[in-house]
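*Asks:* Structure for the following, please:
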Amino acid sequence: MIDAMGMPQSAVVLGGTSDIARSVLRALVAGRLRRVVLAGRDEVGLAAAAKELQALGATHVDTVVFDIDDAASHAALAADAASRLGDLDMVLVAAGVLGEQSTDEVDPEACARVLTTNCTGPAAALTAFAAVLRAQGHGRLVVLSSVAGVRVRRANFVYGASKAGIDAFASGLAESLRGSGASLMIVRPGWVATRMTRGRPPGPFATTPDAVASDVVAGLARNASVVWSPAALGPAFAVLRLLPAALWRRLPG
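*Replies:* Numbering: from 1, shown residues only. So this is what the prediction gives:
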């Protein structure tokens, strides 16, 4: 069960090799998190992440090879995770790809892959796990969105559109969970220094996986519905959303 401070004792992570997800798990294992299911495409990377968590104090870590794009498998994964862990305190959806804008905007299949991995697949997974949390009457969904989806830029509009889609879906799902005992938290990081962004110039408000993890843990503790990371992005985008298109186009990044 989630403790009085909002910290989970069990968790499922979709995208279990994500740098941000691993930082979040390290921070939570330093608290009371002990039982984890890591799901993702990279079997070797999942094994390494599991070994790290066990060394830090997790007592039960399972790995499951899983493709976020395979929506038909999501209900079975949710049921399997519940069978392995019992109650699910937290489900972290961290699966995603950055893509390559120059290719994605002209190649229909490449465009579809980014949208499926970042939006359609996660939405299907959230639907499957939300059903489990509703049935048990508690638990928290945590969705890694992005400020790129808050107002989509020409420079990365395929990725931005995919994040806008999952952000909007998660917002609606959060409303549908009201009164069920389950809840949902959306995390909107800015540019994060990860393997996915390696070799790319940092954007404004650049941050790190550990800093995002700290913001996630703080958000869980205060039962937040939305977490901006860093926090300054919240007021910044309150203004940026209102900029006329001509000014928005001139911003760097």
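*Asks:* hey, let's count contacts and neighbours off CA atoms from now on
*Replies:* Noted.
*Asks:* where do the helices sit along the stretch 1-150 of the chain?
*Replies:* For the stretch 1-150 of the chain, the helices defined by DSSP state H, counting those that start in this stretch occupy 19-29, 43-56, 74-85, 101-104, 108-115, 121-136.
*Asks:* wait, I meant the stretch 151-253 of the chain
*Replies:* Taking DSSP H, counting those that start in this stretch as the test, the helices found in the stretch 151-253 of the chain are 157-176, 209-221, 233-240, 245-250.
*Asks:* what's the least confident stretch among the ones you listed?
*Replies:* Of all those, helix 245-250 carries the lowest average pLDDT, namely a mean of 84.
*Asks:* what's the spacing between it and its chain's center?
*Replies:* Helix 245-250 sits 29 Å away from the centroid of its parent chain (C-alpha atoms, centre = their mean, to the nearest Å).
*Asks:* Give me the residues contacting it.
*Replies:* Defining contact as C-alpha atoms under 8 Å, 6 or more residues apart in numbering, one finds that helix 245-250 is touched by 153-154, 240.
*Asks:* R222 reaches D215, doesn't it?
*Replies:* No. Assessed by C-alpha atoms under 8 Å, R222 is found out of contact with D215, at 10.7 Å.
*Asks:* Show the contacting residues for L38.
*Replies:* By C-alpha under 8 Å, 6+ apart, the residues touching L38 are 12-16, 46, 50, 61-64.
*Asks:* which of those tops the neighbour count?
*Replies:* G16 (32 neighbours; other C-alpha atoms under 10 Å).
*Asks:* Okay, and the beta partners of the closest residue to that one other than its chain neighbours?
*Replies:* Nearest-residue entry for G16: L38, 4.8 Å, with adjacent residues in sequence omitted and distances by C-alpha to C-alpha, 6 or more residues apart in numbering. Per DSSP bridges, the residues bridged to L38 are V13, T63.
*Asks:* so what's L141 bridging to?
*Replies:* L141 has these beta-bridge partners by DSSP bridges: V91, L184.
*Asks:* Can you list the low-confidence ranges for the stretch 1-150 of the chain?
*Replies:* In the predicted model of the stretch 1-150 of the chain, residues 1-5 satisfy pLDDT under 70.
*Asks:* got the buried residues for stretch 22-30?
*Replies:* 22-29 (16 or more other C-alpha atoms under 10 Å).
*Asks:* Adding distance to A148, write the helices of the stretch 1-150 of the chain out as CSV.
*Replies:* Converted to CSV, the helices of the stretch 1-150 of the chain look like this (distance: least, C-alpha to C-alpha, whole Å):
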stretch, distance to A148
helix 19-29, 16
helix 43-56, 27
helix 74-85, 26
helix 101-104, 13
helix 108-115, 14
helix 121-136, 17
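*Asks:* about what we covered before: look up how far V187 lies from the residue nearest to G16.
*Replies:* 19 Å (C-alpha to C-alpha, to the nearest Å).
*Asks:* and if you look at A128?
*Replies:* The gap separating A128 from V187 is 20 Å, by C-alpha to C-alpha.
*Asks:* Between the two, tell me which one has more neighbours.
*Replies:* Ranked by neighbour count (other C-alpha under 10 Å), A128 and V187 place V187 first, with 23 against 19.
*Asks:* residue contacts, the more buried one?
*Replies:* Listed by C-alpha under 8 Å, 6+ apart, the contact set of V187 reads 142-146, 216, 226-229.
*Asks:* Over to L233?
*Replies:* 147, 190, 205.
*Asks:* do the same with E105
*Replies:* Contacts of E105 by C-alpha under 8 Å, 6+ apart are 111, 158.
*Asks:* List buried residues within the contacts of L233.
*Replies:* 147, 190.
*Asks:* Tabulate the contacts of L233 (TSV), appending distance to A123.
*Replies:* Formatted as TSV, those follow (distance: C-alpha to C-alpha, whole Å):
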residue	distance to A123
V147	18
G190	21
F205	27
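*Asks:* and the one residue sitting closest to the centre of the chain, how far is that from V91?
*Replies:* Centroid-nearest residue in the chain, with C-alpha atoms, centre = their mean: L144, separated by 2.4 Å. Look at L144 and V91: by C-alpha to C-alpha, they are 11 Å apart.
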